[in-house]
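Visitor: Fold the following and give me the result.
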Amino acid sequence: MVQHWIRFLHLDTVRFGTLEGDKIRVFKGDMFDSPSRTDIAIALPEVTLLTPVVPGKVLAMWNNYHALGQKLGLAPPAEPLYLMKPANSYLAPGGTIRKPRVEAKVAFEGELAIVIGRRCSGVSVESAPDHIFGYTCANDVTVNEIIGRDPTFPQWVRAKGFDTFCPFGPMIATGLNPAMLVVRTILNGEVRQDYPVNDMVFSVAELVSKISQDMTLEPGDLLLCGTSIGVGSMRPGSTIAVEIDGIGTLSNRFE
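Guide: Down below sits the predicted model:
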């Protein structure tokens, strides 16, 4: 059964629960460890959505889609290539992506994000799904010109780590088959990306398994699966939305 988990602010209190129509069923306890359903239901318009989790870390993939790799003339990688996005970059649904204090183009990258639900270290591909809580939408915002600015040191983290450069949400969907999903990115009402998740070089289970060989993944951590063709730049005053059927629409302004 598909469920949609959200985290929100209501009457100065941070809570979490599941979406039931236009109401939120409030839960208590730990979202990842036997949360308890309460009798409290709150109308969705009465709350402020927060990021659906507060990750200990966000890992973002590079060159994980065949179509984009082929367009860029890149061979499929032998193992996942990834970077970390810092906590200062996390941004809630509806929040404003801020132009950094550098004069450069700011690009959007609509992506599927994996939400880890159970601590995992060195897990197999077969057992990896048991450690996944669900999936959400993400925008891996980037200043591409910074990456290669210094020829001695590619600046991936700086290019993708500015304040507000990691919007994600609006909710976490559980019970989905990620291979059936399609990611759409919409800039000012125009579809700019529309690509299938099953074009990934490394599947969801492979990403979790292979990365867990490198580092322990904790509940709430996010793995951004990478992006495909259609990446482009945004102008201040734009609205950028990442839409995945079955999960929802993550919408943010860029100012």
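Visitor: Could you point out the helix or strand that follows the lengthiest helix in the chain?
Guide: The longest helix of the chain (DSSP state H) is helix 204-214. Per DSSP states H and E, the first helix or strand lying C-terminal to helix 204-214 is strand 222-224.
Visitor: what packs against that following strand?
Guide: strand 58-62, strand 110-116, strand 132-139, helix 204-214 (3 or more CB pairs under 8 Å, 6 or more residues apart in numbering; DSSP states H and E). (C-beta placed from N, C-alpha, C; glycine too.)
Visitor: So which residues make contact with the next helix or strand along the chain from it?
Guide: Proceeding N to C from strand 222-224, the next assigned helix or strand is strand 232-234, under DSSP H and E. For strand 232-234, the surrounding residues in contact (CB atoms under 8 Å, 6 or more residues apart in numbering) are 97, 105, 106, 107, 108, 187, 192, 240, 254.
Visitor: Mind checking what helix or strand follows strand 232-234 in sequence?
Guide: Next in sequence after strand 232-234, counting helices and strands by DSSP H and E, comes strand 238-244.
Visitor: any idea how far residue 172 is from residue 111?
Guide: Using CB to CB, to the nearest Å, one gets 15 Å for the distance from residue 111 to residue 172.
Visitor: try residue 125
Guide: Residue 125 is 22 Å from residue 172, by CB to CB.
Visitor: Those two: which is more packed in?
Guide: Comparing residue 125 with residue 172 by other CB atoms under 10 Å, the one with more neighbours is residue 172, at 28 against 15.
Visitor: correct me, but that one touches residue 5?
Guide: Yes: with contact defined as CB atoms under 8 Å, residue 172 counts as touching residue 5 (4.5 Å).
Visitor: Nearest residue to residue 16 in space, please, no chain neighbours.
Guide: residue 7 (4.5 Å; CB to CB, 6 or more residues apart in numbering).
Visitor: count of residues packed around that neighbour?
Guide: Residue 7: 21 neighbours (other CB under 10 Å).
Visitor: what's the helix or strand for it?
Guide: Going by DSSP H and E, residue 7 is part of strand 3-10.
Visitor: Can you give the strand pairings for that strand, parallel or anti for each?
Guide: strand 13-20 (antiparallel), strand 48-49 (antiparallel), strand 166-174 (antiparallel) (DSSP bridges).
Visitor: gap between the first one and the chain center?
Guide: Looking back up the chat, that one is strand 13-20. 19 Å (CA atoms, centre = their mean, to the nearest Å).
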